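Chemist: sequence and predicted model, in that order:
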Amino acid sequence: MRPLPVASRLAAALAAVRAWWRGRSVALEPGGPLLERPWLRTWNHLPKRSAGADFTRADYAAARARAREVARATLGETLWAQLQRQGYLDVPSTLQPGLTYRLRVGRRIEVRCAPGIRSPWPSPYLCINPTYPLPEEEFFAQLYLYVRDREEHVRRVAAPQLWDQVLGRTF
Amino acid sequence: MGRLIVANRRGHQVLEWPDTDTEEARQQIALAERIIQEARAHGAMVSKKVDGQHVLDRAPFDPQVEEYQIVAPIAGG
């Protein structure tokens, strides 16, 4: 059997890649936009506070506006109003009474202890990022759910830090 | 109408399924279930709306739930 010409082999390879990609792609509705599933990619190559080189200024603005909607819906009106009023939400620890996690949009968690309560960490801030880029208000709402509902997981992954700083994987 | 919110760098995208016994509804429900399973397998969590509030949830997918959301995996540092 004669080998295929280079162009035919390239076309066959391209067709295989297309078929593989179609198998992995998910359209939100028939013929509609594709759903981006960020857990299937690695994002470590991105600079801090970036959503990718393909993102325009308009993309950032649109993403932040959409994130705000969903963060508000996730938290509910009462917590959302509280966040807008005071600039943070406090979540009391269920594992250690007297310890409170202060969450602020796009920043590290501040650990606050009542008098006589000792923090399990040597430093007052905890750095926790999403593993893929997210608008900061969207991640704030997700982090709130983690701290409230999966505190043990938060304590396992948190990186204690001496100082406050913006998060690197949100924008 | 049920919906799955997928948070990503676009802010979020939404997959909806109608509250009817149609082929379209079955396909969308199967897709939502597949996306949730895949996200969980990659370390993400899932929240569902209960009494107007989202709570993290480990239960199997239930198409009767009003709203699900994929919650990103987290890492320290």
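Modeler: Perfect, I can see it now. No experiment lies behind these values; they were computed from the predicted model shown.

Chemist: nearest to chain A: which residue in chain B?
Modeler: B:Gly11 (2.7 Å; CB to the nearest CB). The C-beta positions use only the backbone N, C-alpha and C, and glycine is treated the same way.

Chemist: name the residues of chain B found near chain A, please.
Modeler: Within chain B, the positions near chain A by CB under 8 Å from any CB of the partner chain are B:5-15, B:31, B:35, B:38-39, B:42-45, B:47, B:52-56, B:69, B:71-77.

Chemist: show me how far stretch A:54-74 is from its chain's centre.
Modeler: Its chain's C-alpha centre and that of stretch A:54-74 lie 12 Å apart, by CA atoms, centre = their mean, to the nearest Å.

Chemist: also stretch B:59-68?
Modeler: For stretch B:59-68, the distance to the chain centre is 7 Å (CA atoms, centre = their mean).

Chemist: now that stretch: buried residues?
Modeler: By 16 or more other CB atoms under 10 Å in any protein chain shown, the buried positions in stretch B:59-68 come out as B:Phe61, B:Val65, B:Glu67, B:Tyr68.

Chemist: what average pLDDT does it get?
Modeler: Across stretch B:59-68, pLDDT averages out at 96.

Chemist: first vs last residue of that stretch, how far apart are they?
Modeler: Taking CA to CA, to the nearest Å, stretch B:59-68 runs 12 Å from one end to the other.

Chemist: just to revisit the earlier point, can you redo the buried residues of stretch B:59-68 as CSV with secondary structure and distance to A:Trp121?
Modeler: Listed next are those as CSV, based on DSSP: H, G, I helix; E, B strand; the rest coil; distance: CB to CB, whole Å:
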residue, secondary structure, distance to A:Trp121
B:Phe61, coil, 36
B:Val65, coil, 36
B:Glu67, strand, 34
B:Tyr68, strand, 33
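
Chemist: please identify which pair of the residues you listed lies farthest apart.
Modeler: B:Phe61 and B:Glu67 (12.5 Å; CB to CB).

Chemist: just give the nearest non-adjacent residue to the residue of chain B closest to chain A, would you?
Modeler: A:Arg66 (2.7 Å; CB to CB, 6 or more residues apart in numbering or on different chains).

Chemist: verify the stated contact: the one you found with B:Asn8.
Modeler: No. Counting by CB atoms under 8 Å, A:Arg66 sits too far from B:Asn8 to count as a contact (9.9 Å).

Chemist: measure how buried residue 37 is and give me the count.
Modeler: Chain wasn't specified; assuming chain A. 20 (other CB atoms under 10 Å in any protein chain shown).

Chemist: looking at chain B here, not the other one
Modeler: B:Gln37: 13 neighbours (other CB under 10 Å).

Chemist: who are the contact partners of it?
Modeler: By CB atoms under 8 Å, 6 or more residues apart in numbering or on different chains, B:Gln37 lies in contact with B:Phe61.

Chemist: just the element for it, please.
Modeler: helix B:23-41 (DSSP states H and E).

Chemist: equivalent analysis for A:Leu143, please.
Modeler: Going by DSSP H and E, A:Leu143 is part of helix A:136-149.
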